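Chemist: show me how the following folds:
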Amino acid sequence: MSEPLHVIIIGAGITGVLIAQGLKAADIKYTIFDEESAPDIRKREWTLNLHSASSDLRKLLTPDLYLRLREAYTDPNHIWKDLEYTPWYNSMTGEIIHRVPRTDTINISRRRMRKLCSEGIEVNYGKSLSEISYDEDKVTAYFADGSNLQGDLLIGADGVRSVVREKLLGVEKAKVIPCHENFTTAIARYDDAETALRVRSGDWEACIGYHPDGMCNMVAISNVPDPDDPTTWEFNIANSALGDSPLGLDNAALLQNVRRRCEGMAEPFRSSFTDLPDSTKVFTDKLYYWIPVPWDNHGGKVTLAGDAAHPMPPFRGQGLGQSIRDAANLVGHLKKLSSSGEGSISAVISEYEEEMIERGVQEVELSLTAMRIGHDWNKLMDHPTIKLAGKKISDLKNGS
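Modeler: Prediction:
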């Protein structure tokens, strides 16, 4: 390219601001927009897993920001051992059925990660995308407030219900598919230290429970303001069961429902919900997915990244890691194009999309498989991973 690139980013979630960080470090001009009116308008918090994302994050964050990554950890005080495991329990009996190695895996706060990755990035808030147009070598983004901006590439990093995806594929083809899961979550804080310690007893970081009746639970530490005072600890807890989430229930009814589902479970899954203070806000989240298909990128003028490109249910914890991989790969392609001055935006975007779509299809399908198996006890117990895990645990118990 003979002229400097100008990249338009739609969406200032973690994916969008990471792309901006990478472009800024490469001295590539960018402008980033978000429909939210302010950076802290979204009050929801949840934990996210980062699997094998260290090398990709290093490509995007400045050395200073990368060294501060611990600020986004769910428990910055936790000293990681060489190898740790996430235990999977039979949530009816409390028996461990599998241990998943946490190799190069960290648990982070969505809110604190977004804040860290946004440092030094000027986001244009209150900008809702309404239309996209193309001419011979430019793309123009139009916003609901009547403003517009022209650039060389528009990246849709605008999440599960991506407007950019709809503009590329049409409403029907871009529509996300519901998972039909009754998925209940909360950020929990308990009134006494004994309860908090009991809820954290399954694992200091995170644990998963699978129930023979087809339920799946998670207990994960979310925030540790004071490591010596368990009443300050916050947990991200979740319970999912087959069937659509109930509609029209108030918070008290939602809390009553999930307490009833968990009251016969083993610890820590029982107390995580039954001992919730009545004032705790409970959410029933609708889960969606979309399996990526190729789209017309208009000669490399528009593309997708992150949840906009491959939204998936959270049952493998891969959503954020795959989004970061998208950001690192996309920025890498644009850096080569910008520094060499050779090649075309059409070629590099098509190369990026070919790998991303193939990987995205695989990851969405694997997440769907994990969701289905996790809510079918017989299939879970018949899975080779569990069979091997069970044998190894038995061997350990027998001293062999």
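
Chemist: residues contacting residue 56?
Modeler: Applying CB atoms under 8 Å, 6 or more residues apart in numbering to residue 56 gives the contacts 324-325, 327-328. C-beta coordinates here come from the backbone N, C-alpha and C atoms, glycine included.

Chemist: state the pLDDT value of it.
Modeler: On pLDDT, residue 56 comes in at 93.

Chemist: look up the closest residue to it, ignoring the ones flanking it.
Modeler: residue 328 (3.9 Å; CB to CB, 6 or more residues apart in numbering).

Chemist: what of residue 320?
Modeler: In space, and not counting its chain neighbours, residue 320 is closest to residue 48: 4.7 Å by CB to CB, 6+ apart.

Chemist: just the element for the residue nearest to residue 56, please.
Modeler: Assigned by DSSP states H and E, residue 328 falls within helix 319-340.

Chemist: after that helix, which helix or strand is next?
Modeler: Past helix 319-340, the next helix or strand by DSSP H and E is helix 345-374.

Chemist: any chance you could map the helices in the stretch 1-150 of the chain?
Modeler: 14-25, 54-60, 63-67, 110-117 (DSSP state H, counting those that start in this stretch).

Chemist: repeat for the stretch 151-300 of the chain
Modeler: Going by DSSP H, counting those that start in this stretch, the stretch 151-300 of the chain shows helices at 163-169, 171-174, 193-199, 251-262, 269-274.

Chemist: which of the residues in the fourth one are buried?
Modeler: Right, helix 251-262. Neighbour counts over helix 251-262 (16 or more other CB atoms under 10 Å) mark 254-255, 257-259, 261-262 as buried.

Chemist: sketch out the low-pLDDT regions of the protein for me.
Modeler: Applying pLDDT under 70 to the chain flags the ranges 1-2, 40-43, 387-400.

Chemist: the domain parsing of it - what is it?
Modeler: Domain assignment for the chain, taken from automatic domain parsing, gives 6-39+118-176+291-371, 46-110+180-286.

Chemist: any figure for the gap between residue 208 and residue 215?
Modeler: Distance, residue 208 to residue 215, using CB to CB, to the nearest Å: 11 Å.

Chemist: same check, this time on residue 171
Modeler: Note on residue 171: its distance to residue 215, by CB to CB, is 34 Å.

Chemist: okay, those two: which has more neighbours?
Modeler: residue 215 (22 against 9; other CB atoms under 10 Å).

Chemist: quick one: contacts for that one?
Modeler: By CB under 8 Å, 6+ apart, the neighbours of residue 215 are 91, 209, 239-241, 261, 375.

Chemist: what's the answer for residue 326, then?
Modeler: The contact partners of residue 326, taken as CB under 8 Å, 6+ apart, are 15, 305-306, 309, 356.

Chemist: excluding covalently adjacent residues, which one is nearest to residue 223?
Modeler: With sequence-adjacent residues excluded and distances taken as CB to CB, 6+ apart, residue 223 is closest to residue 234, at 4.0 Å.

Chemist: go on, residue 332?
Modeler: Nearest one to residue 332, counting by CB to CB, 6+ apart, is residue 59 at 6.7 Å.

Chemist: residues near the one you found, how many?
Modeler: For residue 59, using other CB under 10 Å, the count is 19.

Chemist: gap between it and residue 327?
Modeler: Distance from residue 59 to residue 327, counting by CB to CB: 9 Å.

Chemist: shared neighbours of those two, anything?
Modeler: Contacts common to residue 59 and residue 327, judged by CB under 8 Å, 6+ apart, are residue 22.

Chemist: hmm, residue 150 is touching residue 140, no?
Modeler: Yes - here residue 150 lies in contact with residue 140, judged by CB atoms under 8 Å, at a distance of 4.7 Å.

Chemist: the more surrounded of the two?
Modeler: residue 140 (16 against 13).

Chemist: I'd assumed residue 149 was in contact with that one.
Modeler: Yes - between residue 140 and residue 149 a contact is recorded at 7.0 Å, counting by CB under 8 Å.

Chemist: quick one: neighbours of residue 211, just the number.
Modeler: Residue 211 has 24 nearby residues by other CB under 10 Å.

Chemist: before I go, just wanted to say thanks for your time.
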